[in-house]
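**Q** Fold the following.
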Amino acid sequence: MPARFRFRLESLLRVRVALEEEAKRRLAVAVLARDRAAARVAELREAQRVALESRRTGLNEAVDLDRWRATERFLLVVERRIAEAEEAVAQAEARVAEARQALLKAHQDQLVLQRLKERRQEQHALELLHEETREMDEIAVLRYHFTHSQASNR
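**A** Now for the predicted structure:
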């Protein structure tokens, strides 16, 4: 009975597949964090827009200086927070890029082993085919000798 195919690096291949899955999870977490940071920037920009709108007065309306100053202070705080949030988005974007690179490397590492396994399987199948062919040739030779030895004995 022919030997069953056994890939010696199967456990390493399973580790590489697990590492690739972990890299996918890390990328998903990084993308989620980036999206949340971007949403925070959008929220702050909306708050800024609303504050700017509330500062406007009609043509004949009196300007409330206390409200105007409070709005200006609020806008300063919002602008600072927007800058901080945009920095957080940039950092999150960098983490996403790093996670993508890590995923790409993990995928390539896993793919190398997967291709090696496929080549070894093909090689094993070819060796089995050669072995079967040798056995069939041997049977044919033995049969030929048997039939010719029977014919010569008569």
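**Q** Which residue ranges of the protein form helices?
**A** Per DSSP state H, the chain carries helices over the ranges 10-55, 65-153.
**Q** list the helices and strands the last one packs on?
**A** Contacts defined by 3 or more CB pairs under 8 Å, 6 or more residues apart in numbering; DSSP states H and E place helix 65-153 against helix 10-55. (C-beta placed from N, C-alpha, C; glycine too.)
**Q** Same question for the shortest one.
**A** When contacts are defined as 3+ CB pairs under 8 Å, 6+ apart, helix 10-55 sits against helix 65-153.
**Q** measure Leu142 to Glu135 for me?
**A** For Leu142, the distance to Glu135 equals 11 Å [CB to CB, to the nearest Å].
**Q** got the angle for the helix or strand of the chain with the lowest mean pLDDT vs helix 10-55?
**A** When the helices and strands of the chain are scored by mean pLDDT, DSSP states H and E, helix 65-153 comes last with a mean of 93. Counting by axes from the mean of the first three to the mean of the last three CA atoms, to 10 degrees, helix 65-153 lies at 160 degrees to helix 10-55.
**Q** Neighbours of Val96, how many?
**A** Val96 sits with 19 neighbouring residues when counted by other CB atoms under 10 Å.
**Q** My error: substitute Leu104 in the last question.
**A** By other CB under 10 Å, the residues close to Leu104 number 13.
**Q** how far away is it from Arg56?
**A** For Leu104, the distance to Arg56 - CB to CB - is 50 Å.
**Q** for Arg6, same thing?
**A** 77 Å.
**Q** Arg67 now?
**A** 12 Å.
**Q** ditto for Asp35
**A** Distance of Asp35 to Arg56, computed by CB to CB: 32 Å.
**Q** quick one: which of those two has more around it?
**A** Taking other CB under 10 Å, Asp35 and Arg56 do not tie; Asp35 has more neighbours (13 against 7).
**Q** Now do the contacts for the closest residue to Leu103 other than its chain neighbours.
**A** Counting by CB to CB, 6 or more residues apart in numbering, Ala23 is the residue found nearest to Leu103 once chain neighbours are left out, at 4.1 Å. Taking CB atoms under 8 Å, 6 or more residues apart in numbering, we find Ala23 in contact with Ala99, Ala102, Leu103, Lys105, Ala106, His107.
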